[in-house]
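**Student:** Mind looking at a prediction? Sequence and model below.
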Amino acid sequence: MTMKPTVLIVDDDKMTINTLSVALEDDYSTLMATDGVEALNILKEKDVDIVLTDLDMPEMDGLELLEEMGRMENKIPLIVITGQGTIESAVQAMKSGAYDFVTKPVNLDRLGLLIEKALETKRLKEENVLLRKKIEESLPELKFIGRSAAIKKCEELALQVASTKATVLIEGESGTGKELITNIIHYNSPVAHGPFIKINCSAFSEGVLESELFGHEKGAFTGAVKTKKGRFELAHQGTLFLDEVGEMPASTQVKLLRFLQERTFERVGGTKTYRVDVRIISATNRDLAQMVKEGKFRQDLYYRLRVVRILVPPLRERKEDIDDLVHNFISKFSRLHGKPVTGITKDALGLIHAYHWPGNVRELMNCIESAVVMAKTDLIHVDDIPEYLADHTTQLDPENKDLGLLQELERKTIMETLDKTGGDKVKAARILGIGLRTLYRKIDKWKINT
Ligand SMILES: Nc1ncnc2c1ncn2[C@@H]1O[C@H](COP(=O)(O)OP(=O)(O)OP(=O)(O)O)[C@@H](O)[C@H]1O
Ligand SMILES: [Mg+2]
């Protein structure tokens with residue numbers, strides 16, 4: 001047996017209540033109240049699908065009931081039943097959100113139809129809410145977490161450029177949130193409903209990348225059996241995300257530069273010139289300025305790409321973001337894995353703060369996911385933290401903050417020097433004034449990626 005929808009009938013006239021309830025009871029379960037106050041009490045306790053109410057009642061009248069129901073979380077449709085003399089108040093009720101009204105004596109057929117229509121509208125609305133929730137869940141996450149000035153500035157910049165068509169370059173180490181920022185820009189832009197095309201420039205060989213980006217004509221090269229549209233065409237009136245743009249080979253850089261200057265291109269093997277309206281966002285974890293100096297990346301292209309430049313600092317330089325991130329990931333993964341984990345002990349959090357996070361936020365997220373899965377209580381303990389993290393954490397004496405600072409400084413200096421020498425350890429050791437073996441030892445101790 002399917003459940004009948006519940007109708008609440010509100011009228012101070014018992015006769016009306018009885019007539020209506022008898023007429024409706026085949027198709028609905030009915031509840032009754034003789035004034036607004038009683039009706040509200042029933043609404044608080046029972047699942048009611050629709051309310052039929054008289055307007056003129058002692059205690060609380062129909063209009064007041066409607067107003068009170070408007071404040072309730074669950075929106076229940078209300079149909080007014082009114083005497084001939086009070087049509088004006090019925091119209092007033094409709095303006096205040098009543099679904100419809102019928103006049104006494106009630107035409108039961110018409111009332112039945114109205115109830116069905118109101119219930120159908122309610123069902124559709126509920127379905128809509130569910131669908132919207134589903135869509136929201138399937139969208140990429142757009143929450144940018146962190147309280148550091150640097151991260152606040154990144155977010156501010158992203159939202160600010162979102163409303164424009166400016167070309168954006170996002171620079172930052174691996175896992176710092178470059179793609180997240182790209183998502184934030186696209187989904188807050190006027191073309192949020194337009195195409196959002198992403199391509200990783202390091203994932204293709206030179207020739208393939210060019211035809212992926214700009215498309216090709218049939219017969220342009222062996223294997224080009226069909227004409228194919230490129231990502232630029234697909235991204236028309238939308239956003240094109242060029243990930244790892246630093247890996248783009250020189251010949252493709254030329255074509256991209258031409259596009260940024262003229263907004264036009266030709267397909268590989270084609271002569272027809274295409275013009276598309278595309279916003280370009282590019283990202284890299286390489287030091288593009290350095291690559292320009294070394295002649296590995298075109299300077300003119302670099303300037304065209306970084307009309308707006310967003311620099312995302314590594315996590316180890318904004319440790320004040322760690323707590324927020326940790327707590328967010330805990331609630332995310334405890335929900336996902338159905339574990340009642342709600343927090344983390346001070347010691348475990350200390351361990352996380354001491355680590356240098358070469359993989360940045362992505363690595364932190366993976367670490368917390370694993371810790372949530374491993375946790376045996378509602379708190380993450382040191383034991384739950386992946387072991388490699390504890391091993392790689394510099395053993396800082398908690399009593400001696402200065403020593404920690406000094407060590408951090410040493411690590412940073414070594415990293416920067418290695419960066420400058422392009423990883424040449426012999427040169428780096430000479431600059432630092434230490435022996436090569438000492439340098440190796442320190443690289444090992446600090447787990448510096450070289
Ligand atoms: N500030 C942040 N708040 C919340 N989540 C973040 C933040 N930064 C990064 N993340 C999350 O960390 C993960 C890695 O981020 P993302 O993929 O954007 O990094 P990336 O810079 O593009 O890395 P890569 O250079 O390796 O491609 C994603 O799941 C992202 O949602
Ligand atoms: Mg990325």
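**Tutor:** Alright, I've got the coordinates. Ligands and ions are numbered 1, 2, ... in the order given.

**Student:** Quick one: neighbours of residue 131, just the number.
**Tutor:** Under the neighbour criterion other C-beta atoms under 10 Å, residue 131 is assigned a count of 10. For the C-beta atoms, the positions are set from N, CA and C on the backbone; glycine is no exception.

**Student:** Can you name the residue of the stretch 201-350 of the chain nearest ligand 1?
**Tutor:** residue 285 (4.5 Å; C-beta to the nearest ligand atom).

**Student:** Could you list which residues are in contact with that residue?
**Tutor:** Counting by C-beta atoms under 8 Å, 6 or more residues apart in numbering, residue 285 makes contact with 171-174, 176, 178, 244, 246.

**Student:** so which strand or helix has the closest residue to residue 341 other than its chain neighbours?
**Tutor:** Excluding the flanking residues, the one nearest residue 341 by C-beta to C-beta, 6 or more residues apart in numbering is residue 334, at 4.3 Å. Assigned by DSSP states H and E, residue 334 belongs to helix 322-337.

**Student:** how about the helices in the stretch 101-250 of the chain?
**Tutor:** For the stretch 101-250 of the chain, the helices defined by DSSP state H, counting those that start in this stretch cover 108-138, 149-162, 178-187, 206-214, 231-234, 250-262.

**Student:** Any buried residues in the shortest one, and which?
**Tutor:** Going back to what we said before, that points to helix 231-234. By neighbour count on 16 or more other C-beta atoms under 10 Å, the buried set for helix 231-234 is 231-233.

**Student:** try the longest one
**Tutor:** Within helix 108-138, the residues that count as buried by 16+ other C-beta under 10 Å are 111, 114-115, 118-119, 122.

**Student:** Take those and lay them out in a markdown table including pLDDT and distance to ligand 1.
**Tutor:** Formatted as a markdown table, these follow (pLDDT from 0 to 100; distance: C-beta to the nearest ligand atom, whole Å):
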| residue | pLDDT | distance to ligand 1 |
| --- | --- | --- |
| 111 | 93 | 53 |
| 114 | 94 | 49 |
| 115 | 95 | 47 |
| 118 | 94 | 43 |
| 119 | 93 | 41 |
| 122 | 89 | 37 |
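
**Student:** about what we covered before: lowest-confidence stretch among the helices of the stretch 101-250 of the chain?
**Tutor:** Comparing mean pLDDT across the helices of the stretch 101-250 of the chain, the lowest value falls on helix 108-138: a mean of 86.

**Student:** Flag every residue of the stretch 51-200 of the chain that's near ligand 1.
**Tutor:** Within the stretch 51-200 of the chain, the positions lying close to ligand 1 (C-beta under 6 Å from any ligand atom) are 141, 143-146, 151, 172, 174-180.

**Student:** re earlier: the helix holding residue 334 vs helix 149-162, what angle?
**Tutor:** Helix 322-337 runs at 70 degrees relative to helix 149-162, counting by axes from the mean of the first three to the mean of the last three C-alpha atoms, to 10 degrees.

**Student:** Need the CA coordinates for helix 322-337. CSV is fine.
**Tutor:** In CSV, the C-alpha atoms belonging to helix 322-337 read as follows (Å, rounded to 0.1, in the frame of the first residue of the first chain):
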residue,chain,number,x,y,z
ILE,A,322,48.1,24.0,8.1
ASP,A,323,45.6,23.8,11.0
ASP,A,324,42.7,24.9,8.8
LEU,A,325,43.6,22.5,6.1
VAL,A,326,44.1,19.6,8.5
HIS,A,327,40.7,20.2,10.1
ASN,A,328,39.0,20.5,6.8
PHE,A,329,40.5,17.3,5.5
ILE,A,330,39.6,15.5,8.7
SER,A,331,36.0,16.4,8.3
LYS,A,332,36.0,15.6,4.6
PHE,A,333,37.7,12.2,5.0
SER,A,334,35.8,11.1,8.1
ARG,A,335,32.6,11.7,6.2
LEU,A,336,34.0,9.9,3.1
HIS,A,337,35.2,6.9,5.0
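
**Student:** returning to what we had before: turn the buried residues of helix 231-234 into CSV, including distance to ligand 1.
**Tutor:** What follows is these, written out as CSV (distance: C-beta to the nearest ligand atom, whole Å):
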residue, distance to ligand 1
231, 18
232, 21
233, 25
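
**Student:** Just the closest of the residues you listed to residue 207, please.
**Tutor:** residue 231 (15.1 Å; C-beta to C-beta).

**Student:** just to revisit the earlier point, hang on, the residue nearest to residue 341 packs against residue 342?
**Tutor:** Yes - using C-beta atoms under 8 Å, residue 334 is in contact with residue 342, at 7.1 Å.

**Student:** so which pair among the residues of the stretch 51-200 of the chain next to ligand 1 is furthest apart in space?
**Tutor:** Farthest pair in these, by C-beta to C-beta: 143 and 174, 20.3 Å.

**Student:** Between those two, which is the more surrounded one?
**Tutor:** Neighbours per residue (other C-beta under 10 Å) separate residue 143 from residue 174, with residue 174 holding more: 15 against 9.

**Student:** Just give the closest residue to residue 389, not the sequence neighbours.
**Tutor:** Leaving aside its sequence neighbours, residue 389 sits nearest to residue 355 (C-beta to C-beta, 6+ apart; 5.4 Å).

**Student:** Quick check: the gap between the one you found and residue 330.
**Tutor:** According to C-beta to C-beta, to the nearest Å, residue 355 stands 17 Å off from residue 330.

**Student:** Which residue does this protein have closest to ligand 1?
**Tutor:** In the chain, the residue that lies nearest ligand 1 is residue 177 (2.7 Å; C-beta to the nearest ligand atom).

**Student:** Now do the contacts for that residue.
**Tutor:** Contacts of residue 177 (C-beta under 8 Å, 6+ apart): 144, 154, 312, 360-361.

**Student:** returning to what we had before: show me what the helix holding residue 334 is packed against.
**Tutor:** strand 343-344, helix 346-354, helix 360-374 (3 or more C-beta pairs under 8 Å, 6 or more residues apart in numbering; DSSP states H and E).

**Student:** Go ahead and name everything in contact with the first one.
**Tutor:** For strand 343-344, the surrounding residues in contact (C-beta under 8 Å, 6+ apart) are 326-327, 330, 352, 371, 378-380.

**Student:** okay, now residue 308: neighbour count?
**Tutor:** When neighbours are counted by other C-beta under 10 Å, residue 308 comes out with 17.

**Student:** That one and residue 169 touch, don't they?
**Tutor:** Yes - counting by C-beta under 8 Å, residue 169 is a contact partner of residue 308 at 7.3 Å.

**Student:** Would you tell me which residues of the stretch 201-350 of the chain are close to ligand 1?
**Tutor:** Counting by C-beta under 6 Å from any ligand atom, the stretch 201-350 of the chain sits next to ligand 1 at residue 285.
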